[in-house]
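Trainee: Need a 3D model of the sequence below.
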Amino acid sequence: MAVIRIDQPDDLRIAGFRDIRERDLTGRQGLFVAEGEVVLNVLMSDRSLCRPVAFLLDSKRVEGLAGLLARAADDTPVYVASQPVLDAIAGFHLHRGILALGEKPPVQSLEACLDRTDPDAVVVAACGIGNHDNMGGVFRNAAAFGAGAVLLDAHCCDPFYRKAIRVSVGAVLRTPMATGLDTLAMVQGLKAAGFEVLALTPGASEPLDRAPRGGRVAIVLGPEGPGLSRAVIERCRPVGIPMSGGFDSLNVSVASGIALHHFTRQA
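Mentor: Numbers count the residues shown, from 1 in each chain. Below you'll find the predicted structure:
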């Protein structure tokens, strides 16, 4: 690996890492920033659908990460700097001291994504989820319970936002997905591919625990607060998680975990 010392935060070679928070909001033209050793482990694993294009590390972390970095292509640059220089580059205190610039996987159509799923696959379809913590949680649950894919409509936030990747503990980097989809066309496409499409909504009369398991299942999730639109619910089979104590709903990430467990458990 080529270790390159960076002494000035305005060095053009690390321009992709500069002012991370502001750049996260405006996009990176097919690239993303991964932060921390846990996420780096996923990025460098055989399960990753992404590839690293550069690293930026606290000089004190290089030796301990040598084994991980060795998995990258020989020409992948490893930039190292002192903590003050790192902080000046990132625009905030980078206490983990580990950043990677990665390349997103190729964009997939809904049809291509679903064609790669199993005959009994469970997938997650998200509509209008704009909170990056919730997005990361949904991807983490999808990976933990073996979902075949995560589908995102055009109103969802970017799952490759740095915080979403971190909350997902790297699951975003290894989960098949289709993004930017038309909401109703997504539901119709799932039906056409043989999925039982279930809308998770508090107003459903059918409880989740009575929904039959087996076959292809799509769990449709909406944003907290407004939830799924009536147009979406009417095109799906509504199911709900019964509440007590006067509560009407759960955090969407928690709800996704409960639903995924129901449909993927082995017994």
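
Trainee: which residues touch the closest residue to residue 71 other than its chain neighbours?
Mentor: Residue nearest to residue 71 in three dimensions, not counting chain neighbours: residue 44, with 4.6 Å by C-beta to C-beta, 6 or more residues apart in numbering. All C-beta atoms are positioned from the backbone trio N, CA, C, and that covers glycine. Contacts for residue 44 (C-beta atoms under 8 Å, 6 or more residues apart in numbering) come out as 52, 68-69, 71-72.

Trainee: Distance from the chain centre to stretch 98-113, please.
Mentor: In terms of C-alpha atoms, centre = their mean, to the nearest Å, the centre of stretch 98-113 is set 10 Å apart from its chain centre.

Trainee: Buried residues, it. List them.
Mentor: Buried positions in stretch 98-113, judged by neighbour count with 16 or more other C-beta atoms under 10 Å: 98-102, 104-105, 108, 110, 113.

Trainee: From those residues, pick the one nearest residue 233.
Mentor: Residue 233 has its nearest neighbour among those in residue 110, at 19.8 Å by C-beta to C-beta.

Trainee: Which pLDDT does the model give the closest one?
Mentor: The per-residue pLDDT reported for residue 110 equals 98.

Trainee: Would you mind measuring from it to residue 238?
Mentor: Distance of residue 110 to residue 238, given as C-beta to C-beta, to the nearest Å: 22 Å.

Trainee: Which members of the buried residues of stretch 98-113 are the farthest-apart pair?
Mentor: Checking these with C-beta to C-beta, the most distant pair is 98 and 110, at 34.4 Å.

Trainee: Distance of the spatially most central residue of the chain relative to residue 72?
Mentor: Residue closest to the mean C-alpha point of the chain, counted by C-alpha atoms, centre = their mean, is residue 172 at 3.1 Å. To residue 72, residue 172 is 19 Å away according to C-beta to C-beta.

Trainee: Just the CA trace of stretch 104-120, in PDB.
Mentor: Extracted in PDB, the C-alpha atoms of stretch 104-120 (Å, rounded to 0.1, in the frame of the first residue of the first chain):
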ATOM      1  CA  LYS A 104     -21.100   3.300  -4.800                       C
ATOM      2  CA  PRO A 105     -22.300   0.200  -6.500                       C
ATOM      3  CA  PRO A 106     -23.900   0.500 -10.000                       C
ATOM      4  CA  VAL A 107     -27.500   1.700 -10.000                       C
ATOM      5  CA  GLN A 108     -30.000  -1.100 -10.300                       C
ATOM      6  CA  SER A 109     -33.500  -1.100 -11.700                       C
ATOM      7  CA  LEU A 110     -36.300  -2.500  -9.600                       C
ATOM      8  CA  GLU A 111     -36.600  -5.500 -12.000                       C
ATOM      9  CA  ALA A 112     -32.900  -6.300 -12.000                       C
ATOM     10  CA  CYS A 113     -32.800  -6.100  -8.200                       C
ATOM     11  CA  LEU A 114     -35.800  -8.400  -7.700                       C
ATOM     12  CA  ASP A 115     -34.600 -10.800 -10.300                       C
ATOM     13  CA  ARG A 116     -31.600 -11.600  -8.000                       C
ATOM     14  CA  THR A 117     -33.700 -12.500  -5.000                       C
ATOM     15  CA  ASP A 118     -34.700 -16.000  -3.900                       C
ATOM     16  CA  PRO A 119     -38.100 -17.600  -4.500                       C
ATOM     17  CA  ASP A 120     -38.900 -17.100  -0.800                       C
END
